[in-house]
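Enquirer: Below are the sequence and a predicted model for it; my questions follow.
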Amino acid sequence: MASPRTSMPDQKSTKKAASKKPSSRGEGAKASGESAAPARGRAPARTAATAGRRSARAAGLAGGSGGGSPRVSTARLDVRKTYKLYIGGAFPRSESGRSYPVTGEDGTLLAHAARASRKDARDAVKAARSAAGRWSGATAYNRGQVLYRVAEMLEGRAGQFADEIVKGEGLDRPDAERAVAAAIDRWVWYAGWPDKVAQVGGAANPVAGPFFNFSVPEPTGVVAVVAPAESSLLGLVSVVAPVIATGNTVVVVASERRPLPAITLAEVLATSDVPGGVVNVLTGLVAELAPVLAGHMDVNAIDLTGVAPGARAELEELAAENVKRVFAPEPDGAASDWAAAPGTRRLLAFLETKTVWHPVGI
């Protein structure tokens with residue numbers, strides 16, 4: 001009689017045989033030799049079809065004509081610049097939210113500039129008054145160094161200024177580059193004056209008596225300037241630089257039709273060493289802003305260069321309310337030749353002369 005132990009199947013052998021069981025259809029087919037060949041034939045067909053669809057989709061995205069796929073443009077859109085005001089060292093939008101179109105000589109729309117309001121003009125005067133003490137109290141040497149730094153920054157943006165003059169004034173490229181070079185040279189010329197104007201505008205006066213008598217030029221204070229309409233950069237530099245070179249602060253109304261170089265100049269000033277509030281730039285309508293500045297009681301002087309001759313009488317009457325200094329171009333129109341040598345007329349126009357008496361021997 002056989003032992004019960006020998007009649008029972010070996011458990012280890014059973015598990016081993018089960019592990020050899022095919023784990024997939026393909027392996028089973030390989031073991032039986034029946035459907036292995038058809039399975040190998042279908043897989044490459046599916047792969048080829050999928051690759052074809054992917055290639056067609058990629059061709060459509062790349063702008064191909066197959067399958068009617070939409071064309072995707074790879075051209076980059078320019079960042080449209082927003083031209084704002086420059087008040088107190090910052091670039092706010094007009095409090096009114098208004099803007100107006102700026103067009104080139106050929107009528108092409110160049111940009112939309114902020115249209116400053118009466119409130120913006122008052123804010124600019126307030127910022128200029130706040131900066132007046134610090135700027136006039138700086139040494140003449142320091143003011144000259146700050147202005148020279150502005151000229152360095154202008155040089156770095158010469159290409160941008162030339163582009164704006166070409167589009168705004170209709171000049172050809174060489175003439176625009178000459179205008180930019182003249183503006184930079186004009187700024188450098190005025191940068192050399194802060195520590196020399198006292199010798200030109202002041203004096204030691206002979207008097208009958210045992211006294212020293214000195215005439216000392218001092219800044220007027222806050223000056224409003226209406227920039228020339230035709231020369232958007234050289235004319236602007238020629239009216240702003242002499243005002244701040246002598247220690248004044250300025251609120252300038254940029255050229256109404258060509259304001260873009262004025263805002264670019266404001267960007268230069270904001271990134272140079274000029275303290276905020278020394279120069280404040282407004283863009284908008286001269287007829288709307290000039291009367292506000294002429295009648296403002298905290299403005300000490302006004303330059304009417306950019307005002308039409310027929311409108312100056314009204315502004316002069318408004319300026320008389322607080323006895324403002326009024327500067328107007330020469331009647332013969334010589335002041336409109338911005339390429340001519342500037343002279344010292346604008347430098348001395350916004351200076352007050354203080355006379356000091358001092359006894360001899362004390």
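Expert: Thanks, I have it.

Enquirer: Quick one: residues contacting the spatially most central residue of the chain.
Expert: By C-alpha atoms, centre = their mean, the chain has its centre lying nearest to Glu267, at 3.9 Å. Residues counted as contacts of Glu267 (C-beta atoms under 8 Å, 6 or more residues apart in numbering): none. Using the backbone N, CA and C atoms, a C-beta is placed for each residue, glycine as well.

Enquirer: Helix or strand for it, just tell me which one.
Expert: helix 260-270 (DSSP states H and E).

Enquirer: so how far is that helix off the chain centroid?
Expert: In terms of C-alpha atoms, centre = their mean, to the nearest Å, the centre of helix 260-270 is set 5 Å apart from its chain centre.

Enquirer: Please apply the same query to stretch 294-302.
Expert: Centroid separation between stretch 294-302 and its chain, computed with C-alpha atoms, centre = their mean, is 27 Å.

Enquirer: do the same with stretch 77-87
Expert: In this view, stretch 77-87 has its centroid 7 Å away from the chain centroid, taken as C-alpha atoms, centre = their mean.

Enquirer: Give me the buried positions along that stretch.
Expert: Residues Tyr83, Lys84, Leu85, Tyr86, Ile87 are the ones in stretch 77-87 that count as buried (16 or more other C-beta atoms under 10 Å).

Enquirer: Endpoints of that stretch, how far apart?
Expert: 30 Å (C-alpha to C-alpha, to the nearest Å).

Enquirer: Report the backbone C-alpha coordinates of the helix holding Glu267 in CSV.
Expert: The C-alpha trace of helix 260-270 is given here as CSV (Å, rounded to 0.1, in the frame of the first residue of the first chain):
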residue,chain,number,x,y,z
LEU,A,260,6.0,113.2,-27.6
PRO,A,261,9.6,114.5,-27.2
ALA,A,262,8.5,116.4,-24.1
ILE,A,263,7.4,113.2,-22.4
THR,A,264,10.5,111.4,-23.4
LEU,A,265,12.5,114.2,-21.9
ALA,A,266,10.5,113.8,-18.7
GLU,A,267,11.5,110.1,-18.7
VAL,A,268,15.2,111.3,-19.0
LEU,A,269,14.7,113.7,-16.1
ALA,A,270,13.0,111.0,-13.9
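
Enquirer: what's the next secondary structure element after it?
Expert: Counting by DSSP H and E, what follows helix 260-270 is strand 279-282.

Enquirer: what's the distance between that following strand and the middle of its chain?
Expert: The chain centre lies 12 Å from the centre of strand 279-282; the measure is C-alpha atoms, centre = their mean.

Enquirer: Tabulate the CA atom coordinates of it in CSV.
Expert: Provided in CSV are the C-alpha atoms of strand 279-282 (Å, rounded to 0.1, in the frame of the first residue of the first chain):
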residue,chain,number,x,y,z
VAL,A,279,10.5,120.1,-13.8
ASN,A,280,6.8,119.3,-14.3
VAL,A,281,5.5,118.5,-17.8
LEU,A,282,1.9,118.9,-18.8
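
Enquirer: Name the residues that touch it?
Expert: In contact with strand 279-282 (C-beta under 8 Å, 6+ apart) are residues 85-88, 116, 120-121, 124, 127-128, 240, 244, 249-254, 262-263, 265-266, 269, 289.

Enquirer: Inside strands: which ones of those?
Expert: Counting by DSSP state E, the contacts of strand 279-282 place Thr249, Val250, Val251, Val252, Val253 in strands.

Enquirer: and the third one, how far is that from Ala208?
Expert: Applying C-beta to C-beta, to the nearest Å, the value for Val251 to Ala208 is 44 Å.

Enquirer: More neighbours: which of the two?
Expert: A direct count of neighbours by other C-beta atoms under 10 Å for Val251 and Ala208 places Val251 higher, at 32 against 5.

Enquirer: isn't the more buried one right up against Ala128?
Expert: Yes: contact criterion C-beta atoms under 8 Å: Val251 and Ala128 qualify, at 5.4 Å.

Enquirer: what's the overlap in contacts for these two?
Expert: Val222, Asn280.

Enquirer: which stretches of the stretch 101-250 of the chain form helices?
Expert: 118-137, 140-156, 158-169, 173-191, 197-201, 234-245 (DSSP state H, counting those that start in this stretch).

Enquirer: Tell me which of the ones you listed sits most buried.
Expert: Most buried of the helices of the stretch 101-250 of the chain, by mean neighbour count (mean count of other C-beta atoms under 10 Å): helix 234-245, with a mean of 26.

Enquirer: what distance separates it from the middle of the whole chain?
Expert: Centre-to-centre, helix 234-245 and its host chain are 18 Å apart (C-alpha atoms, centre = their mean).

Enquirer: Stretch 126-138 too?
Expert: On the basis of C-alpha atoms, centre = their mean, stretch 126-138 sits 23 Å off its chain's mean C-alpha point.

Enquirer: same deal with stretch 161-171?
Expert: Computed by C-alpha atoms, centre = their mean, the chain-centroid distance of stretch 161-171 equals 16 Å.

Enquirer: cool, stretch 219-234 as well?
Expert: Distance of stretch 219-234 from the chain centroid (C-alpha atoms, centre = their mean) equals 18 Å.

Enquirer: Check stretch 112-127 too.
Expert: Remark: stretch 112-127 is offset 17 Å from the chain centroid, using C-alpha atoms, centre = their mean.

Enquirer: Not counting its own residues, what contacts it?
Expert: Stretch 112-127 is contacted by residues 82-85, 87-89, 92-96, 98-102, 222, 224, 251, 253, 259-260, 263, 276-277, 280, 282-285, 288-289, 292-293, 296, 298-299 when judged by C-beta under 8 Å, 6+ apart.
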